[in-house]
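**Student:** From the sequence below, what's the structure:
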Amino acid sequence: MRSHSTSFPRPHFNGLTAFDLLITLAIMALLLATGIPALKHISMDIQMRSALSRFQGALAHARSEAVIRNARIVVCPVSYGMDCSVDGAWAHGWLTFEDKNDDREYQPDEPIIRTEAKTENLSILSSRHRTRIRFFPNGSAPGSNARFTFCDRRGSEAAYQVTLSSSGRLRRWPPAETETDGCEA
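**Tutor:** I've put the predicted structure just below:
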């Protein structure tokens, strides 16, 4: 008689050794070290482009309101509250209003068309002599061309510029073509 032995296959465990775990952790640390700065850069780009779009949208809206209302419309940076700032710094937000008495200053009886909130982590500076933008009923923005520089903590290498011509045309300049006065890293 034959004896039949039943043998069960022995399980084979493929676990991680301490060396395998250390190599895996080293690769993950390397990926995180290179990935996190890239994510910060992408986040700052998104924030910059959002601020540029909001600003250009506000100027385009003010121009169209001047034509539609047949009135003079002013866009000015705000310091705090509803007062127009005189320093040309737009990062605290801006105000668009119908300038009924043609003094380029907001009074409580003048209709507010639009307000924009503070822009975080960015500075927005206008050219020295154009701290307020006024649109006439024909859509023009009389005066010299206005230049607005958008900077973040990356400095001039990532700065954008928006120019507004006296005819009311807006143009955005990418960082490579931007003259940056006052963008410090």
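**Student:** Show me the helices in the chain, by range?
**Tutor:** 18-69 (DSSP state H).
**Student:** pLDDT below threshold where in it?
**Tutor:** Scanning the chain for pLDDT under 70 picks out 1-7, 11-13, 81, 176-182, 184-185.
**Student:** What is the burial count for the nearest residue to residue 121 once chain neighbours are set aside?
**Tutor:** Nearest residue to residue 121 in three dimensions, chain neighbours excluded: residue 152, at 5.9 Å (C-beta to C-beta, 6 or more residues apart in numbering). C-betas here are computed from N, CA, C, even on glycine. Using other C-beta atoms under 10 Å, residue 152 is surrounded by 20 other residues.
**Student:** cool, and residue 44?
**Tutor:** Using other C-beta under 10 Å, the number of residues around residue 44 comes to 16.
**Student:** Tell me which stretches of the protein form strands.
**Tutor:** Per DSSP state E, the chain carries strands over the ranges 73-77, 94-98, 112-116, 123-126, 133-135, 146-151, 160-164, 170-173.
**Student:** Which positions within the third one qualify as buried?
**Tutor:** If I follow you right, that is strand 112-116. 113, 116 (16 or more other C-beta atoms under 10 Å).
**Student:** Show me what that strand is packed against.
**Tutor:** helix 18-69, strand 94-98 (3 or more C-beta pairs under 8 Å, 6 or more residues apart in numbering; DSSP states H and E).
**Student:** Let me know which of the strands of the chain is the nearest to residue 63.
**Tutor:** strand 133-135 (4.9 Å; C-beta to C-beta).
**Student:** counting contacts, what elements does the closest one pack onto?
**Tutor:** Checking 3+ C-beta pairs under 8 Å, 6+ apart, strand 133-135 ends up next to helix 18-69, strand 73-77.
**Student:** again, 10 Å this time
**Tutor:** helix 18-69, strand 73-77, strand 94-98 (3 or more C-beta pairs under 10 Å, 6 or more residues apart in numbering; DSSP states H and E).
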